[in-house]
Structures are given as structure tokens and as C-alpha cells.
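Asks: what follows is a predicted protein model with its sequence.
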Amino acid sequence: MATTLMDSNKVVILDIRSPTMPVAELDRHGASVKAIAWAPQSYKHICSTGNDTHALIWELPTVAGPNEIDPLSMYSASSEINQLQWSAAQPDWIAIDFSNKMQLLKV
């Protein structure tokens, strides 16, 4: 399960079988996280977007614990990214919206 804290730049990944210890804390955004989406083809990949204009794709560790995780890839938009959707039909594509635009990103 993935969650964000209000007005936080962090995404917290929890294993619901042991929710007291986060599997990972993804904290490379420079401002508040706005949206998160799991990859439809992989339980280890997630995308997060936020007020810092970045869309970050992450690969989660297989072992829980305090660790520094860097994103696999990053896209920068021209303004805050409000929403994202990882396509289930075409898992190589992510849709983001910002300002008055929508863009499709090839993963």
C-alpha cells in the first residue's frame, strides 16, 4: 500500500501484513506529492508526481528497512503535476496533467 502525508514530499510504502514498519519512504520530491500510481505490470514499480513539477518512477526494494532509494527515471513538466494515470492497457505509457495540458510519457 502506498500513501502520502498531507503537504509532504514523501511517499510511504507499507506492507499491510506488518503496517508498523514502512517498506520504503520515497522522499526525493522537492515539494508536496500530489499523485501516486502503481505500475499495472509490476508490484515493485510506482510513479509519484507533485508540486515540484516532477514525475518520478521508483523501483521498490525487496527488503524493508531504512534505505536511500533514488528514482529510476524523472520527467520535468513546465508546472505542477496534478494527476497521473499508469495505463493498464498499455503499461509502457503514463498520462500526466499539468496547467491546461495532458501529456503521455513513454516509460
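Replies: Ah, there it is.

Asks: any idea which residue sits dead centre in the chain?
Replies: Closest to where the C-alpha atoms of the chain average out (CA atoms, centre = their mean) is S48, at 2.1 Å.

Asks: how much space between that residue and A77?
Replies: 13 Å (CB to CB, to the nearest Å). Using the backbone N, CA and C atoms, a C-beta is placed for each residue, glycine as well.

Asks: between those two, what contacts are shared?
Replies: A55 (CB atoms under 8 Å, 6 or more residues apart in numbering).

Asks: pLDDT wise, what is the residue nearest to the centre of the chain at?
Replies: With respect to pLDDT, S48 scores 97.

Asks: how about P61?
Replies: With respect to pLDDT, P61 has a value of 79.

Asks: tell me the average confidence for stretch 32-40?
Replies: What stretch 32-40 shows for mean pLDDT is 96.

Asks: what's next to that stretch, contact-wise?
Replies: 2, 4, 7-11, 45-51, 80-88, 91, 94.

Asks: does the residue nearest to the centre of the chain touch V11 like I think?
Replies: Yes. S48 lies in contact with V11 (CB atoms under 8 Å); the separation is 5.0 Å.

Asks: any shared contact partners between the two?
Replies: Jointly contacting S48 and V11 under the rule CB under 8 Å, 6+ apart are T4, L26, V33, I36, W58.
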